[in-house]
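Asker: predicted coordinates and the sequence they were generated for:
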Amino acid sequence: MLNYVWLGLVVIGILTAAGRDLYESIENVYGNNRSFPVHVEDRNGVDEWTAWCTADELRQKFAGIEDADTTRFRLSFSRQSPTAGLLYPESGAPAILLTVQEAFGNDGSIPCRVISDSNRADLLYVSFSPIRFVYLKRITNAALDAAALAVKIALGLIGIMALWLGVMKVAEEAGIITIIARAVRPVTTRLFSDIPDDHPAIGAMIMNISANMLGLGNAATPFGLKAMEELNKLNKHAGTASNAMVTFLALNTSCVTLVPATAIAVRAASGSSDPAVIIGTTFLTSLTATVFAVIFAKVFQRLSVFRVRERKAS
């Protein structure tokens, strides 16, 4: 189901971007095939000019621009092609010029064609190459950047998760997991009073809780599935979650975390300077979440509206 949700969001994003690009193309927001005048103020070098244009002159180029003001530029020419140049808007440039910069690259330059005025030496006419599909390009670039970041984080997680899973295995062989299991057994016995103490579901739940307490969600998942499988064997109403299953799901989702190993691994892979700083806050928030999750699960199971009604034999 989640895959369909993500697919729907992607399709909606693409359609929205395409619709916005179509609207801007019809309105000619970026003034494709339209030039605007630029006044030459000072020539700093052989191939560089300082120029400016007024708000009204800028509106000749861009349709519907509202935040325009007198804008200053740095204009660089090419010796090989005097009519070709690079326009660099200075600070305070309208937002639409920043979008134009983004469309042509990240170096802050806007490739342009420069035509001189035969009557005025201090006046030039500047035009850009057509700008199209701005929002579709943004979505594509964002998707590629996110994919690259996901691969980077995943590769960084391999070593760290292997280390923590190894620690988990050593702890299991050394009996540390058994110690934790014994420590939480009184709690699990009270929470799941309707399950026999020697039932396999108890052992699977304890192992799941122990792994979650160490922040090893990947290691906890198999134990959680096993626990649900065993709890379902005790379920008298197939297809409907029992009180024990609901309580275990609430406990598993909000389990107290002593060492958030996975979160620390993600932070370390992302370049955090102190990835383990979240241990204290994670423990407090997970403890609070666990207490309230169990309380609500126990309260709701006492309400008649959430109880399974026995079907009367016909």
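Answerer: In hand now; what should we look at?
Asker: what about the helices in this structure?
Answerer: Assigned by DSSP state H, the helices in the chain fall at 2-27, 55-59, 95-104, 134-174, 176-191, 200-213, 217-233, 243-253, 261-269, 279-302.
Asker: okay, buried residues for the second one please.
Answerer: I take that to be helix 55-59. Residues 57-59 are the ones in helix 55-59 that count as buried (16 or more other CB atoms under 10 Å). In short, each C-beta sits where N, CA and C put it, glycine included.
Asker: helices or strands up against it?
Answerer: Helix 55-59 is packed against strand 36-45, with contacts defined by 3 or more CB pairs under 8 Å, 6 or more residues apart in numbering; DSSP states H and E.
Asker: average model confidence for the strand it packs on?
Answerer: Confidence for strand 36-45, expressed as mean pLDDT, is 77.
Asker: remind me what the lowest-mean-pLDDT helix or strand in the chain packs against, helices and strands.
Answerer: When the helices and strands of the chain are scored by mean pLDDT, DSSP states H and E, helix 176-191 comes last with a mean of 72. Contacts defined by 3+ CB pairs under 8 Å, 6+ apart place helix 176-191 against helix 200-213.
Asker: and for the helix it packs on, what are the contacting residues?
Answerer: Outside of helix 200-213, the residues within contact range by CB atoms under 8 Å, 6 or more residues apart in numbering are 168, 177, 180-181, 184-185, 188-189, 192, 195-196, 217, 219-220, 223-224, 226-227, 230-231, 233-234, 244, 248, 251-252, 255-259.
Asker: any weak-confidence spans in the stretch 1-150 of the chain?
Answerer: 1, 42-46, 64, 67-68, 78-82, 106 (pLDDT under 70).
Asker: give me the buried subset of the contacts of helix 200-213.
Answerer: By 16+ other CB under 10 Å, the contacts of helix 200-213 give 168, 177, 180-181, 184, 188, 192, 195, 217, 219-220, 223-224, 226-227, 230-231, 244, 248, 251-252, 255-259 as buried.
Asker: quick one on the thing from earlier: which one of the helices of the chain is the most hemmed in?
Answerer: helix 200-213 (a mean of 22; mean count of other CB atoms under 10 Å).
Asker: relative to helix 176-191, how tilted is it?
Answerer: In terms of direction (axes from the mean of the first three to the mean of the last three CA atoms, to 10 degrees), helix 200-213 departs from helix 176-191 by 120 degrees.
Asker: what's the angle between helix 200-213 and helix 261-269?
Answerer: Angle, helix 200-213 to helix 261-269, by the same axes, to 10 degrees: 30 degrees.
Asker: do me a favour and average the pLDDT over helix 200-213.
Answerer: Averaging pLDDT along helix 200-213 gives 79.
Asker: can I get that helix in CSV, CA atoms only?
Answerer: Below are the C-alpha coordinates for helix 200-213, written out as CSV (Å, rounded to 0.1, in the frame of the first residue of the first chain):
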residue,chain,number,x,y,z
PRO,A,200,7.2,-19.4,22.6
ALA,A,201,5.5,-16.0,22.1
ILE,A,202,7.0,-14.7,25.3
GLY,A,203,10.5,-15.6,24.3
ALA,A,204,10.1,-14.0,20.8
MET,A,205,8.6,-10.8,22.3
ILE,A,206,11.4,-10.5,24.9
MET,A,207,14.0,-10.9,22.1
ASN,A,208,12.2,-8.3,20.0
ILE,A,209,12.0,-5.9,22.9
SER,A,210,15.7,-6.5,23.8
ALA,A,211,16.8,-5.7,20.2
ASN,A,212,14.6,-2.6,20.1
MET,A,213,16.1,-1.4,23.4
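Asker: now Phe296: closest residue in space, sequence neighbours ignored.
Answerer: Closest residue to Phe296 apart from its sequence neighbours, by CB to CB, 6 or more residues apart in numbering: Ala250 at 7.2 Å.
Asker: and if you look at Leu234?
Answerer: Counting by CB to CB, 6+ apart, the residue nearest Leu234 is Ile195, at 6.6 Å.
Asker: so what's that neighbour up against?
Answerer: 201-202, 231, 234, 244.
Asker: I'd like to know which of these is nearest to Phe73.
Answerer: Leu231 (70.4 Å; CB to CB).
Asker: so how far is Ala150 from the closest one?
Answerer: Distance of Leu231 to Ala150, computed by CB to CB, to the nearest Å: 34 Å.
Asker: again with Lys236
Answerer: From Lys236 to Ala150 the distance is 44 Å (CB to CB).
Asker: between the helices of the chain, which one is nearest to Pro89?
Answerer: Closest approach to Pro89 among those (CB to CB): helix 95-104, 4.7 Å.
Asker: so which elements touch the closest one?
Answerer: With contacts taken as 3+ CB pairs under 8 Å, 6+ apart, helix 95-104 sits against strand 84-89, strand 110-116, helix 134-174.
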